[in-house]
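Asker: Got a predicted structure here, sequence first:
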Amino acid sequence: MEEQVWQLSNPIIGIIIVVLTFLLFYAVSYFSNRASKSVEDLYAAGGGVGPITNGLAMASTYMSLATFLGVTGLILRLQVPFVLLWIQMILAIPLITIIYGTSLRRMGAFSPTHFIRDRYGKSASIIAALFMILVSIMYALGQMIGIAVTFETLLGIPYMTGLIAGGIIIVGYVTIGGMSGATNNAAIQMVIIALMFIVPLGAIMKAMGGSGWYFPPLFYADMVPAMLEAMPNFFDYQYGTKWYFALIPAFTIGALGLPHLAMRIYTASSLKSARSAMIWFAFALGLVFSATYAMGFTGVYFTQSTGTAITTADADKLTIILNLVYNPEWVTALVIAGAISAGLSTLSGNLLAIGALISQDIVATLKPNLSNKAKVKLGYFAIAGGGLASVLLAINPPDFLVVSILWAFGLAGVTNAPLIMMGVWWKEANKYGAIAASVVAGAIYIIVSPFVFPSIVISGHALTDGMGISGAMLAVPLSFILLIVVSYITNRIPALKSTLTTEEDHKLVERIHGWSDINPARYNSSFGAAVITALCTLVMIWSILPWDL
């Protein structure tokens, strides 16, 4: 049987809609960022974003192109209960806000590595910034490639043309808009994503005979009996307890270290606004993530009930395929625009993170006497440079950089999150512990991935190792252990005491929590640190025991 080509028969419709969305984003970028005159304006939108806009922007930044294309394909191929994975991810912004976001905003930080610089010193911040640049480039590169592939496979535009033209257009609107433009655009993109995903999904479910079509994120459940008849084992849990537990260090703690998510907290107009924004974030993200699972569910039902074969190469196009089968082509064109919007929102957040990391966390750290004007100019060049580098890398991408975006979560959780979490809540954390945690645990996480030394892995299961699940379960607790143990020991070595700014660190910790006085007993529990170390040791030992998959 001839392989079916899943593509718009008239790509002009899709191209027109995509062009119109880009024009909208450019207009929003230009008008949003006209008053930008400082580094705070460029990277934190002047700290004046309201809770609804910020919450929608947070959700949109987190979405990524994988929401439309990648995850539905994984559900089709693997039937993994991804609802559990979504729960881990939806916790990201609430936990960032509660654990350290409001504290760092009170401090006036532009990025998590800004806090690492003030808390642990230049060396630790530069190491953390380099790791986060790697994470952000992996993220941005994945979105850039995904958008170019979308242009190529769905709109008929050659990959290289879509990459170069689309890449330059994307970099242009992100650079022009700064954080103000990116935030307003991301809020608009969130609305586009939700409408262009959920409404067409409702039409697909109605055509399939589902009575809950009017609210797909939850009411796809009315199709469960039909699904069980078509595929009785769809809801079976394929993996052991360890696999599901391992989602926590890989994705929950991993998300806490992602710079482009944390930066959204600093744009809030007040601490109250930041807390309110996380409610809108959870609502918007939960709505679309639930719909993503429902889309994967309907896709599996479609293949099982109709006997339609979707090749492995086409699995990522499942959302588009369902729309091509059940909806008019102009609806599919709108869905493609929604998918591109999802990629753009994440890409803009990553380019801003790269810009902040290069200009503020590396260059400004090495040259602290730069004028405000020079810092702002450097920021624009860094954002544009990061974007152009992503375009060039996407022409012939290195294998190591084109790994699962989810693997990048784990790297952030190993090299960044422990430094911030312990730095905010434990005064004894110092630069020696921070550097040891980042360098040693980060290196181990990379070594046990299947991308560098394929023979050195933890679980031996391709999906588990490739997504960073097994590596994070080993390296995240190791990072906490190294940070706590090395800090505790070096704080008690007389020869090193002169190199540690203990009093200043204590003042910083008290200040970011809102205290005006200094109390040595606050945030200084050796017992708490010992409990964390013991728990992390148990998890680390469990991670290297045989995996029952």
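Answerer: The structure has been received and is ready for your questions. These figures come from a predicted structure and were not determined experimentally.
Asker: for the stretch 251-400 of the chain, which spans come out with low pLDDT?
Answerer: Low-confidence segments of the stretch 251-400 of the chain (pLDDT under 70): 266, 269, 398-400.
Asker: helix, strand or coil for the residue nearest to A315 when sequence neighbours are not counted?
Answerer: The shortest distance from A315 to any non-neighbouring residue, by Cβ to Cβ, 6 or more residues apart in numbering, is to G73 (3.8 Å). For every residue, glycine as well, the C-beta is placed using N, CA and C. G73 carries the three-state label helix when classified by DSSP: H, G, I helix; E, B strand; the rest coil.
Asker: who's in contact with S487?
Answerer: M422, E428, A429, N430, Y432, G433, A434 (Cβ atoms under 8 Å, 6 or more residues apart in numbering).
Asker: what's the answer for T175, then?
Answerer: T175 touches L351, Y380, I383, A384, G387, counting by Cβ under 8 Å, 6+ apart.
Asker: Looking at these, state which has the most neighbours.
Answerer: L351 (31 neighbours; other Cβ atoms under 10 Å).
Asker: That one contacts G385, correct?
Answerer: No. Using Cβ atoms under 8 Å, L351 makes no contact with G385, being 9.5 Å away.
Asker: Mind checking which of the contacts of T175 are in strands?
Answerer: Within the contacts of T175, no residue falls in strands by DSSP state E.
Asker: Nearest to D465 among those?
Answerer: Proximity of the contacts of T175 to D465 (Cβ to Cβ) peaks at L351, which lies at 29.2 Å.
Asker: measure the closest one to K373 for me?
Answerer: 21 Å (Cβ to Cβ, to the nearest Å).
Asker: before we move on, which element is S543 in?
Answerer: Per DSSP states H and E: S543 is located in helix 526-544.
Asker: residue ranges with poor pLDDT in the stretch 401-549 of the chain?
Answerer: 401-404, 549.
Asker: Swap in 90 and give it another go.
Answerer: Residue ranges of the stretch 401-549 of the chain with pLDDT under 90: 401-409, 449-457, 459-468, 494-507, 512, 514-522, 525, 547-549.
Asker: mind listing the helices for it?
Answerer: 405-415, 417-425, 431-436, 442-447, 462-466, 469-490, 494-497, 502-512, 526-544 (DSSP state H, counting those that start in this stretch).
Asker: Adding distance to I193, write those out as JSON lines.
Answerer: Formatted as JSON lines, the helices of the stretch 401-549 of the chain follow (distance: least, Cβ to Cβ, whole Å):
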{"stretch": "helix 405-415", "distance to I193": "17"}
{"stretch": "helix 417-425", "distance to I193": "27"}
{"stretch": "helix 431-436", "distance to I193": "37"}
{"stretch": "helix 442-447", "distance to I193": "31"}
{"stretch": "helix 462-466", "distance to I193": "26"}
{"stretch": "helix 469-490", "distance to I193": "26"}
{"stretch": "helix 494-497", "distance to I193": "51"}
{"stretch": "helix 502-512", "distance to I193": "34"}
{"stretch": "helix 526-544", "distance to I193": "35"}
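Asker: of the ones you listed, which approaches E229 most closely?
Answerer: Nearest of those (Cβ to Cβ): helix 462-466, 27.6 Å.
Asker: distance between the ends of stretch 457-469?
Answerer: 11 Å (Cα to Cα, to the nearest Å).
Asker: which outside residues touch that stretch?
Answerer: 78, 243, 246-247, 250, 254, 403-404, 406-411, 445, 448-451, 470-471, 473-474, 543-544, 547, 549.
Asker: Flag every buried residue along it.
Answerer: V457, I458, S459, H461, L463, T464, D465, G466, M467, G468, I469 (16 or more other Cβ atoms under 10 Å).
Asker: from those, which is closest to H506?
Answerer: Nearest to H506 among the buried residues of stretch 457-469, with distances taken as Cβ to Cβ, is G468, at 34.9 Å.
Asker: measure that closest one to G146 for me?
Answerer: Distance from G468 to G146, by Cβ to Cβ: 19 Å.
Asker: next one: N33
Answerer: 26 Å.
Asker: Tell me which of these two has more neighbours.
Answerer: The residue with more neighbours, out of N33 and G146, is G146; 25 against 21, by other Cβ under 10 Å.
Asker: Pretty sure that one sits against T346.
Answerer: No. Counting by Cβ under 8 Å, G146 sits too far from T346 to count as a contact (9.5 Å).
Asker: anything in contact with each of the two?
Answerer: Joint contacts of G146 and T346 (Cβ under 8 Å, 6+ apart) are L65.
Asker: Against which helices or strands is the one helix or strand L20 maps to packed?
Answerer: Assessed by DSSP H and E, L20 sits inside helix 11-32. When contacts are defined as 3 or more Cβ pairs under 8 Å, 6 or more residues apart in numbering; DSSP states H and E, helix 11-32 sits against helix 122-155, helix 159-208, helix 329-358.
Asker: If I take the second one and helix 122-155, what angle do their directions form?
Answerer: On the basis of axes from the mean of the first three to the mean of the last three Cα atoms, to 10 degrees, helix 159-208 is oriented at 70 degrees to helix 122-155.
Asker: cool, the last one as well?
Answerer: Relative orientation of helix 329-358 and helix 122-155, computed by the same axes, to 10 degrees: 160 degrees.
Asker: To Y239, which of the helices and strands packed on helix 11-32 lies closest?
Answerer: Proximity to Y239 (Cβ to Cβ) singles out helix 122-155 among those, at 24.6 Å.
Asker: Going by neighbour count, which residues in the closest one are buried?
Answerer: Those buried within helix 122-155 under the rule 16+ other Cβ under 10 Å are 124-155.
Asker: Could you do stretch 353-366 as well?
Answerer: 353-365.
Asker: Same list, these, but as CSV with distance to T502 please.
Answerer: Output for the buried residues of stretch 353-366, formatted as CSV (distance: Cβ to Cβ, whole Å):
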residue, distance to T502
A353, 31
I354, 33
G355, 33
A356, 28
L357, 27
I358, 31
S359, 30
Q360, 26
D361, 23
I362, 26
V363, 28
A364, 25
T365, 21
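Asker: What is the nearest of these to A165?
Answerer: For the buried residues of stretch 353-366, the nearest to A165 is I354 (21.2 Å; Cβ to Cβ).
Asker: how much space is there between that closest one and T533?
Answerer: In terms of Cβ to Cβ, I354 sits 34 Å off from T533.
Asker: What is the neighbour count of the residue nearest to A333 when sequence neighbours are not counted?
Answerer: Nearest non-adjacent residue to A333, counting by Cβ to Cβ, 6+ apart: G14, 4.1 Å away. When neighbours are defined as other Cβ under 10 Å, G14 has 26 of them.
Asker: residue contacts, G14?
Answerer: Applying Cβ under 8 Å, 6+ apart, the residues contacting G14 are L8, L154, L155, T332, A333, I336, A337.
Asker: same question, N185
Answerer: So N185 contacts F25, V28, S29, S32, Y173, G177, L344, S345, S348 (Cβ under 8 Å, 6+ apart).
Asker: Return the distance of it relative to L347.
Answerer: Applying Cβ to Cβ to N185 and L347 gives a distance of 11 Å.
Asker: Show me which residues of the helix or strand where L318 lies are buried.
Answerer: In this assignment (DSSP H and E), L318 forms part of helix 318-326. Within helix 318-326, the residues scored as buried using 16+ other Cβ under 10 Å are L318, T319, I320, I321, L322, N323, L324, Y326.
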